[in-house]
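**Q** requesting a structural model of the entry that follows:
(3 chains)
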Amino acid sequence: MDELSGWVLVVWESFNAVGVLAFALSGALLATQKRMDLVGMAGLAVVTATGGGMARDVLIGATPAAALTDWWMLAVALVGALLVFLLHRWMSRLDTPVLVFDAIGLGIFVVDGASKAMQYDVGPVGAAFVGMLTGIGGGVLRDVLANDVPAVFRRESRLYLLPALIGSSMVAAAVSLGIGSWWLMVLIAVLVCALRIASELLHWRLPAVKTEAIDIIGR
Amino acid sequence: MDELSGWVLVVWESFNAVGVLAFALSGALLATQKRMDLVGMAGLAVVTATGGGMARDVLIGATPAAALTDWWMLAVALVGALLVFLLHRWMSRLDTPVLVFDAIGLGIFVVDGASKAMQYDVGPVGAAFVGMLTGIGGGVLRDVLANDVPAVFRRESRLYLLPALIGSSMVAAAVSLGIGSWWLMVLIAVLVCALRIASELLHWRLPAVKTEAIDIIGR
Amino acid sequence: MDELSGWVLVVWESFNAVGVLAFALSGALLATQKRMDLVGMAGLAVVTATGGGMARDVLIGATPAAALTDWWMLAVALVGALLVFLLHRWMSRLDTPVLVFDAIGLGIFVVDGASKAMQYDVGPVGAAFVGMLTGIGGGVLRDVLANDVPAVFRRESRLYLLPALIGSSMVAAAVSLGIGSWWLMVLIAVLVCALRIASELLHWRLPAVKTEAIDIIGR
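**A** Alright, predicted model coming up:
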């Protein structure tokens, strides 16, 4: 997203911070459900907000990871944990805003992740994978640390990984074709965000295997 | 395995793809047992098939990770997930072939992993560790994401990590001694595969501590 | 810690090895509680002893990871697993020594981790995060592989992450200010160790959210 400049960049980064905060809130809220202490809330908030970006940077070789050098992410994530600690009684009224903020974060993380991966010579397929991982990685780590099956994999979940994958594939294709202008990137982020919110409102779900599957030898 | 050429390389890569497919099948099958949707099946298939190689590349610094640039692995893994989705009713009849394919994959992943690590100056002990991890890492990640204790660590499991470690140690020793010819590598892969299958057929198990152990202070 | 020399370095490295052994013991002990076999004991011992350092090296880009090249860590961790396998009946009498050794390891890992991160241009905030992660990462991985919520996040846990974070922040601040002499590093390690032991003896705990928190939409 180097080509962004002026007020577009300011708006983009502001929404990025809103996304980091929303991811952190979902981490801290899960920590309270899992009966963790303040350290657990801060830990899950940081992991959810920065885990996807860390996985991206480590896999493509963009080290030190951006979350370490751009330390405002750590700060925003800790603010998220503190908000949940102080205001958890009233958080349930914030369900809809948190859902919308989380969807905004997903859109921006996915577009940023796929764009960055394209700069590290992983090819369009690899970049589509990395962009998707940037969006969902933090939530997957959050659920693993909370000892849950990742929400994105669960049968009852709405679409989450798929909007991310569609967006990151579009970014990878656009950059490959040399048409990755900043307004197209913004458009793709808006699309990911819209698909995510629509999936929740319209109760979209993916099919799953119906029968209880058989045992696997060797496990 | 740079020294491989001609038909040996073709056979090696074909068996490699068979191994990737078998790993992906075990991931997708576990996803159905854990009541995941199609995204969960694809996710566990990809993680099982590519997780060991990703862990190897990240630890030795061979980034971007090969699974991102060699995107045929992602494609084969997704085919595996689709096969399980369409054919899960008949998968139980494939138990023995899947076991054999998985053992072939283990042999090739371990030899490839240890060879690659030796090129990154980690020394023979580090390379033996990395080769073993390349073989078992995908399955460990699969089980963690499915919220299970890793199968390779469980008391009732047959030998899996140990054949991998024996094979990777032999590769590391052979390369250190300058006798790492391609036919020796193939021989070691066959040995790992044979040890793995024999462990299943002959019900080999490792000893475990009998009593329920004491609590640990500070946990 | 380049500025250490002579007997200070010898003492430091000896205590480091004691810390690695203590971390390995906690991994192997948890493996026996989780009904794992010998491979599981060795696996959890190695992961607990080296996981924090591996996470540090991968995030800051110091690859190949030090645990691969400094293979004495792997050897000490395997000795720890073997000790638990042979002596688990008498391990309960070692609770206090293991707690003290673990605290020594925490102090040294944290100071080493933060110092190393400062050499990789991550800035003081990133270095404080990495130093803390070096100290707690192995234990977190141990608990994830054993299918537990990480002990450091649990409500009933004593202080563990906080002494680590205080120590790593002090190291990052001292190095940033150009006053990171070896005796100050030793002093900070002693402080981390003392805070950790005091937390256990004096039953220090962190506050947690009291009510069962609400559901999060979108999970």
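
**Q** please name the nearest non-neighbouring residue to whatever residue of chain A ends up closest to chain B.
**A** The minimum distance from chain A to chain B, using CB to the nearest CB, falls at A:Gly61 (2.8 Å). Placement of C-beta: from N, CA and C, glycine included. Among residues not flanking A:Gly61 along the chain, B:Thr63 sits closest, at 2.8 Å (CB to CB, 6 or more residues apart in numbering or on different chains).

**Q** list the contacts of that neighbour.
**A** By CB atoms under 8 Å, 6 or more residues apart in numbering or on different chains, B:Thr63 lies in contact with A:58-61, A:63, B:57, C:63.

**Q** so can I have TSV of these showing secondary structure and distance to A:Phe15?
**A** Compiled in TSV, the contacts of B:Thr63 are given as follows (DSSP: H, G, I helix; E, B strand; the rest coil; distance: CB to CB, whole Å):
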residue	secondary structure	distance to A:Phe15
A:Val58	helix	25
A:Leu59	helix	25
A:Ile60	helix	23
A:Gly61	coil	27
A:Thr63	coil	26
B:Asp57	helix	32
C:Thr63	coil	33
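
**Q** those residues, buried ones only, as a PyMOL selection?
**A** In PyMOL, a selection of the buried entries from the contacts of B:Thr63 looks like this (16 or more other CB atoms under 10 Å in any protein chain shown):
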select buried, (chain A and resi 58+59+60+61+63) or (chain B and resi 57) or (chain C and resi 63)
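
**Q** ok, so of the contacts of B:Thr63, who is nearest C:Ala75?
**A** The closest of the contacts of B:Thr63 to C:Ala75 turns out to be C:Thr63 (CB to CB; 21.0 Å).

**Q** dihedrals phi and psi, the closest one?
**A** phi -110, psi 150 (degrees, to the nearest 10).

**Q** so which helix or strand takes in A:His203?
**A** Of the helices and strands defined by DSSP states H and E, none includes A:His203.

**Q** tally of neighbours for the closest residue to A:Val110 other than its chain neighbours?
**A** Nearest residue to A:Val110, sequence neighbours excluded (CB to CB, 6+ apart): A:Gly135, at 4.1 Å. For A:Gly135, the tally of surrounding residues (other CB atoms under 10 Å in any protein chain shown) stands at 34.

**Q** just the pLDDT for A:Gly135.
**A** pLDDT for A:Gly135: 96.

**Q** can you check A:Leu9 too?
**A** With respect to pLDDT, A:Leu9 has a value of 85.

**Q** again, but for the one 4 residues further on
**A** What the model reports for A:Glu13 is a pLDDT of 86.

**Q** now chain A against chain C: closest residue?
**A** A:Thr63 (2.8 Å).

**Q** ok, that residue to B:Thr63 distance?
**A** Distance from A:Thr63 to B:Thr63, counting by CB to CB, to the nearest Å: 8 Å.

**Q** host element of A:Asp143?
**A** Short version: A:Asp143 belongs to helix A:123-145, going by DSSP H and E.

**Q** close to chain B, is the helix or strand following that helix?
**A** Next helix or strand after helix A:123-145 toward the C-terminus (DSSP H and E): helix A:161-176. Yes: applying CB under 8 Å from any CB of the partner chain, one finds helix A:161-176 touching chain B at A:161-162.

**Q** and helix A:161-176, what's buried?
**A** A:161-172, A:174-175.

**Q** which residues touch that helix?
**A** So helix A:161-176 is contacted by A:106-107, A:110-111, A:113-115, A:117-118, A:124-125, A:127-132, A:134-136, A:152, A:180, A:184-185, A:188-189, A:191-192, A:195-196, A:199, A:206, B:39, B:43 (CB under 8 Å, 6+ apart).

**Q** and the next element down the chain from it?
**A** Counting by DSSP H and E, what follows helix A:161-176 is helix A:182-201.

**Q** and that next one with chain B, contact?
**A** No: on the criterion CB under 8 Å from any CB, helix A:182-201 is out of touch with chain B, staying 11.7 Å away.

**Q** chain center to that helix, what's the gap?
**A** Relative to the chain's own centre, helix A:182-201 is displaced by 13 Å; criterion: CA atoms, centre = their mean, to the nearest Å.

**Q** can you get me the start-to-end distance on stretch A:114-127?
**A** End-to-end distance of stretch A:114-127 (CA to CA, to the nearest Å): 5 Å.

**Q** what about that stretch and chain B, any contact?
**A** Yes: counting by CB under 8 Å from any CB, chain B is contacted by stretch A:114-127 at A:117, A:120-123, A:125-127.

**Q** among those residues, which two are most distant?
**A** Counting by CB to CB, the most remote pair of the residues of stretch A:114-127 next to chain B is A:Tyr120 and A:Val125, 13.6 Å apart.

**Q** quick check: closest non-adjacent residue to A:Gly180.
**A** A:Ala174 (4.5 Å).

**Q** if we can go back for a sec, of the contacts of helix A:161-176, keep whichever come out buried.
**A** A:106-107, A:110-111, A:113-115, A:117-118, A:124-125, A:127-132, A:134-136, A:152, A:180, A:185, A:188-189, A:191-192, A:195-196, A:199, A:206, B:39, B:43.

**Q** and the helix or strand bottoming out on mean pLDDT in chain A, how far out from the chain middle?
**A** Lowest on mean pLDDT, DSSP states H and E among the helices and strands of chain A sits helix A:6-33, with a mean of 90. Its chain's C-alpha centre and that of helix A:6-33 lie 10 Å apart, by CA atoms, centre = their mean.

**Q** with stretch A:63-75 instead?
**A** Worked out by CA atoms, centre = their mean, stretch A:63-75 lies 16 Å from the chain centre.

**Q** with stretch A:146-162 instead?
**A** 13 Å.

**Q** start to end distance for that stretch?
**A** Start-to-end, stretch A:146-162 (CA to CA) is 23 Å.

**Q** could you pull up the contacting residues of A:Ala45?
**A** With CB under 8 Å, 6+ apart, A:Ala45 has these contacts: A:24-25, A:27-28, A:31, A:77-78, A:80-81, A:84.

**Q** now distance to A:Met91 and neighbour count too, for those, in CSV please.
**A** Below are the contacts of A:Ala45 laid out as CSV (distance: CB to CB, whole Å; neighbours: other CB atoms under 10 Å in any protein chain shown):
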residue, distance to A:Met91, neighbour count
A:Ala24, 13, 33
A:Leu25, 8, 27
A:Gly27, 13, 33
A:Ala28, 9, 33
A:Ala31, 12, 33
A:Ala77, 16, 28
A:Leu78, 17, 17
A:Gly80, 11, 27
A:Ala81, 12, 26
A:Val84, 6, 26
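
**Q** I'd say A:Arg154 and B:Leu38 touch.
**A** No: in this structure A:Arg154 lies outside contact range of B:Leu38 using CB atoms under 8 Å: 11.7 Å.
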